[in-house]
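# whatever this is, show me its structure:
(one chain, ligands or ions: 1)
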Amino acid sequence: MTSTNPHAQSVGLPVRQGIRGQSPYGAPQLDVPYLLNTNENPYAPPPEVVASIVHEVTQAATGLNRYPDRDFLDLRTDLADFLAHESNVTLAAENIWAANGSNEVMSHILQAFGGPGRTALGFTPTYAMYSEYARNTLTQWAEVQRNDDFTLDLEHATATIEELQPAVIFLTSPNNPTGTALTLAEIKTIADAALRVSIDGAPALVIVDEAYAEFRRAGTPSALELLATYPNVAVTRTMSKAFALAGGRLGYLAASREFVDALRVVRLPYHLSSVTQAVARAALAHSNVLLGKVDQIRQERDELVRWLREQSYQNKSLIVSDSDANFVFFGKFDDRHALWSALLSHGVLVRESGPEGWLRVTVGTPEEMTAFKSALVKELSQ
Ligand SMILES: *Cc1c(COP(=O)(O)O)cnc(C)c1O
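Presented below is the predicted three-dimensional model:
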């Protein structure tokens, strides 16, 4: 795009170090038939849910001259009820926090608990946004490499925690882009190491990002079960993925009341609009319908993993990471960008993510999966 401002080139801006020259994060948003690159739920909300959302938004619109409920206790109560139903944990509204996507929740976390002189730690390959929130809050960012199969190297992890004394530790389960879930035993090992850290006399915090938790395979527990015994653990969730509400922008967190109260200090006043609150509450009232496709997506996912493992590239079977999420990570390709472009030429958009040689594909509808498979077969046989 060319700028229409004749001075744009010459003025120069005092962009601070760390931000200068950086580009905004985001997957390409292209207008192609098969969008398999951002892990959305492919099923749009059904008409009865749309009608209910419209009704609630209409109600909210009658009061838009007023600021929204700043502490959104009704929505927090609904979220606590949802978690009680989904994961069998008892939480009060005061244990819940929410914001415009779980990304904003994480940014609140680093605003409250990170900052100059403090370190946040993640386990790569993982979600690229954590390091950006660290950058934005002047928090030092540190990484521990995962094993070759993307599981955690617990010895290395605990040694690094002891050495670096991070204030905040991000665990992503299931992990993006690899799909890898952590066991409760693994999370406990990290949480115990975090308890031995001293940040001005307080333990390190462990944030378990469960953006994809609803897709986990049977028998994979949620870290919500640890909240009662580990006061230094918090779990983030989102309505963007399984809940089929990415456009609604609602992410949330469960933690101790003390933890939530610290986040309330850094949030912008009225950060959750009345419209957002109305949309989220209407969607939560239909959680069974909105989550109704999750089982089908999980089956489609397992089938896709199995199918990909039967495919080969240069006479070698593809390597496919086990997945507890709604996407599958597969490789390795000499030139993943070439394959990504070739798939795009068939109208199939996947994601170049994580280490070189790997691609990530979101599980879509059966029709989308057929298009992906046939495009991939064509390109692998080239
Ligand atoms: C998609 C995703 C999120 C959720 O983002 P929202 O801001 O809630 O839309 C959080 N964490 C990870 C790892 C994700 O992939």
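# skip the chain neighbours and tell me the closest residue to Tyr127.
Spatial nearest neighbour of Tyr127, excluding adjacent residues (C-beta to C-beta, 6 or more residues apart in numbering): Asn176 at 4.9 Å. Backbone N, C-alpha and C define where each C-beta goes, glycine included.
# which helix or strand contains that neighbour?
Using DSSP states H and E, Asn176 sits in no helix or strand.
# same question for Leu359.
Taking DSSP H and E as the definition, Leu359 sits inside strand 358-362.
# spatially central residue for the protein, please.
When C-alpha atoms, centre = their mean is applied to the chain, the residue found nearest the centroid is Ala211 (4.2 Å).
# wait, that one touches Val235, no?
No - here Ala211 lies out of contact with Val235, judged by C-beta atoms under 8 Å, at a distance of 10.5 Å.
# make sure the residue nearest to the centre of the chain is indeed in a helix.
No - Ala211: not assigned to a helix; according to DSSP: H, G, I helix; E, B strand; the rest coil it is coil.
# residues in contact with it?
The contact partners of Ala211, taken as C-beta atoms under 8 Å, 6 or more residues apart in numbering, are 102, 172, 176, 236-238, 240-241, 251.
# which element follows the helix or strand hosting Glu48 toward the C-terminus?
In the assignment (DSSP H and E), Glu48 maps to helix 47-61. Using DSSP H and E, the next helix or strand after helix 47-61 towards the C-terminus is helix 73-87.
# what helices or strands is that next one leaning on?
Packed against helix 73-87 by the contact rule (3 or more C-beta pairs under 8 Å, 6 or more residues apart in numbering; DSSP states H and E) you find strand 96-99, strand 251-254, helix 274-285.
# flag every residue of the stretch 151-300 of the chain that's near the ligand.
With C-beta under 6 Å from any ligand atom as the criterion, the stretch 151-300 of the chain meets the ligand at residues 172, 176, 209, 211, 238, 240-241, 246, 251.
# can you do 8 Å?
Proximity of the stretch 151-300 of the chain to the ligand (C-beta under 8 Å from any ligand atom) is limited to residues 172, 175-176, 209, 211-212, 236, 238-241, 246, 249-251.
# of those residues, buried ones?
Buried positions within these, assessed by neighbour count (16 or more other C-beta atoms under 10 Å), are 172, 175-176, 209, 211-212, 236, 238-241, 246, 249-251.
# next, count neighbours for the residue nearest to Asp81 when sequence neighbours are not counted.
Nearest non-adjacent residue to Asp81, counting by C-beta to C-beta, 6+ apart: Leu284, 8.0 Å away. Neighbours of Leu284 under the rule other C-beta atoms under 10 Å: 19.
# what do you get for Ala285?
16.
# show the pLDDT at it.
The model reports Ala285 with a pLDDT of 98.
# ok, now the one 3 residues further on?
Each residue has a pLDDT score; the one for Asn288 is 95.
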